[in-house]
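*Asks:* dropping the sequence and predicted coords here.
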Amino acid sequence: MIPQQEATNSIPVQEVVLKPFLRGWFHAAAGMGAIFFTIALCWRSRADLPRLVSLLIYGLSMLELYAASALYHIGSWSMPMRRKLRALDHANIFILIAGTYTPLCFNLLNGWLRPAILVVIWLLAGIGIGLAMMAHHTPRQVSATLYVCMGWVVILALPAFLAVVPWTAVALLLLGGVLYTIGAIIYARKWPDPFPRVLGFHEIFHLFVIAGSVTFALVVWYWVVPFPRA
């Protein structure tokens with residue numbers, strides 16, 4: 001039994017009871033993988049500084065998301081600290097989406113479309129970060145909707161991507177968008193929630209985020225890194 005004073009100073013009693021055993025651990029493992037993947041990307045692109053910078057932005061955005069998520073979800077925090085970590089966790093989702101777009105657009109696109117997509121996606125990320133950091137608790141439906149809208153900005157550049165990479169690469173981009181979208185829907189609806197004490201809806205959401213990240217990572221590794229940048 002948790003003393004009332006201890007519960008008040010840390011986290012709500014119902015969260016102590018109901019917090020799934022696996023909460024945060026999937027993202028902790030993904031964060032470790034992101035470290036090695038980012039190092040490998042930077043090593044492969046070491047001869048091309050602009051490409052390296054774009055890949056570093058991508059890798060750090062991925063690492064930051066998984067590290068912040070693991071820290072927030074695994075730890076037991078006071079309520080003020082929980083609010084700060086939750087805001088950071090939610091803000092990092094927007095950073096990851098924009099960070100993922102950065103090497104794709106910078107290295108595969110040219111002409112006006114390259115800066116246009118990058119400006120739009122980072123502006124949307126800025127709005128999302130502002131909502132996450134300034135609002136006490138942005139409704140999850142609002143956050144999820146903005147995640148999805150950002151993720152599907154790629155539709156605007158599909159013809160340009162198809163002109164420079166094979167359809168398999170574009171199919172992986174679309175698959176990543178679908179996986180992120182399914183994850184956002186699960187997050188917004190809090191369903192399915194099969195094993196609330198071990199593997200709940202939030203863990204399933206995290207798994208879809210990881211799966212989406214993997215599909216984009218494949219595109220970056222096999223097509224972005226070796227692509228002859230314009």
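*Replies:* Happy to help now that I have it. Numbers count the residues shown, from 1 in each chain.
*Asks:* top helix in this protein by residue count?
*Replies:* helix 79-108 (DSSP state H).
*Asks:* list the buried ones in the helix or strand following it?
*Replies:* Per DSSP states H and E, the first helix or strand lying C-terminal to helix 79-108 is helix 113-134. For helix 113-134, burial by neighbour count (16 or more other Cβ atoms under 10 Å) applies to 113-114, 117-118, 120-122, 124-125, 128-129, 131-132. All C-beta atoms are positioned from the backbone trio N, CA, C, and that covers glycine.
*Asks:* and residue 191, helix, strand or coil?
*Replies:* coil (DSSP: H, G, I helix; E, B strand; the rest coil).
*Asks:* now for the residue nearest to it when sequence neighbours are not counted: which residues touch it?
*Replies:* Nearest residue to residue 191 in three dimensions, chain neighbours excluded: residue 201, at 5.9 Å (Cβ to Cβ, 6 or more residues apart in numbering). If a contact means Cβ atoms under 8 Å, 6 or more residues apart in numbering, then residue 201 has 186, 187, 189, 190, 191, 192, 193 as its contacts.
*Asks:* could you redo the last one with a cut-off of 7 Å?
*Replies:* With contact taken as Cβ atoms under 7 Å, 6 or more residues apart in numbering, residue 201 is in contact with 186, 190, 191, 192, 193.
*Asks:* residue 109 too?
*Replies:* Counting by Cβ under 7 Å, 6+ apart, residue 109 has contacts 117, 157, 160.
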